[in-house]
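# coords below, sequence missing:
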């Protein structure tokens, strides 16, 4: 088992390889690694990310089979099933880093902003469930005076939603709270840039001494 900070370092290095176009094409398709993993897995990081097709965690972090335990859902929201999945991996595999990975111009966040500005009577109940999870994190932004311009508002809303999901994991589960307090579990928030490919870790990251 590697520490949370060691895992964070691996992700940063992998993302740098991805940005610099130095990613290994073999990292996702190694026959020997595939055979090795039939005996079990020890993912070094848990990633709760958005389902957006442009943000596959294994690729943007240049990791291979068995390296990451990935949970993907529109808007990287946190509902009971996501919390349970994080608990499962943290307890079963001893994984000590959890990353909530959002991204620029997230469609689910945009849909929430649109819904708040012009409520729809035809939105499906299932889509509303996603919007309602994001709503609290962005409502306060619309209440500021003056309201930020659209580009700034979207950027702030994406980050507010990431922070809210990360905080939900830190404080919404007794299992995770105990792992944070006693076992070195770390939950951080990060944003992937669709434009540059870079991942910025901005929430919950320990300050270097």
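Okay, I see it. As the structure is a prediction and not an experimental result, all values here were calculated from the model.

# now the helices: where do they sit in this protein?
4-19, 31-36, 57-60, 80-93, 107-117, 125-142, 150-171, 174-182 (DSSP state H).

# buried residues, the first one. List them.
By that I understand helix 4-19. 4, 7, 8, 10, 11, 14, 15, 16, 18, 19 (16 or more other Cβ atoms under 10 Å). Every C-beta, even on glycine, is put in place using the N, C-alpha and C of the backbone.

# from these, pick the one nearest residue 169.
Minimum distance to residue 169 across the buried residues of helix 4-19 is 13.4 Å, recorded for residue 4 (Cβ to Cβ).

# pLDDT at that closest one, what is it?
Looking at residue 4, its pLDDT is 98.

# any idea what sits nearest it, other than its immediate chain neighbours?
Excluding its sequence neighbours, the residue lying closest to residue 4 (Cβ to Cβ, 6 or more residues apart in numbering) is residue 186, at 3.6 Å.

# from residue 115, how far out is that neighbour?
33 Å (Cβ to Cβ, to the nearest Å).

# ok, residue 107 next?
12 Å.

# show me which of the two is the more surrounded one.
Set residue 107 next to residue 115 and count neighbours by other Cβ atoms under 10 Å: residue 115 wins out with 18 against 13.

# hmm, that one is touching residue 123, no?
Yes: judged on Cβ atoms under 8 Å, residue 115 makes contact with residue 123 at a distance of 6.9 Å.

# residues shared between the contacts of those two?
residue 131 (Cβ atoms under 8 Å, 6 or more residues apart in numbering).

# confidence-wise, which of the helices of the chain is weakest overall?
Ranked by mean pLDDT, the helices of the chain bottom out at helix 31-36, with a mean of 85.

# residues contacting that helix, please?
Residues outside helix 31-36 that contact it (Cβ under 8 Å, 6+ apart): 64, 65, 66.

# and the nearest residue to residue 79 once chain neighbours are set aside, how far from residue 30?
Excluding the flanking residues, the one nearest residue 79 by Cβ to Cβ, 6+ apart is residue 133, at 6.6 Å. The gap separating residue 133 from residue 30 is 37 Å, by Cβ to Cβ.

# who has more neighbours, the two?
Under the criterion of other Cβ under 10 Å, the comparison of residue 133 against residue 30 puts residue 133 first, with 23 against 15.

# who's in contact with the more buried one?
So residue 133 contacts 75, 77, 78, 79 (Cβ under 8 Å, 6+ apart).

# ok, 7 Å please
75, 77, 79 (Cβ atoms under 7 Å, 6 or more residues apart in numbering).
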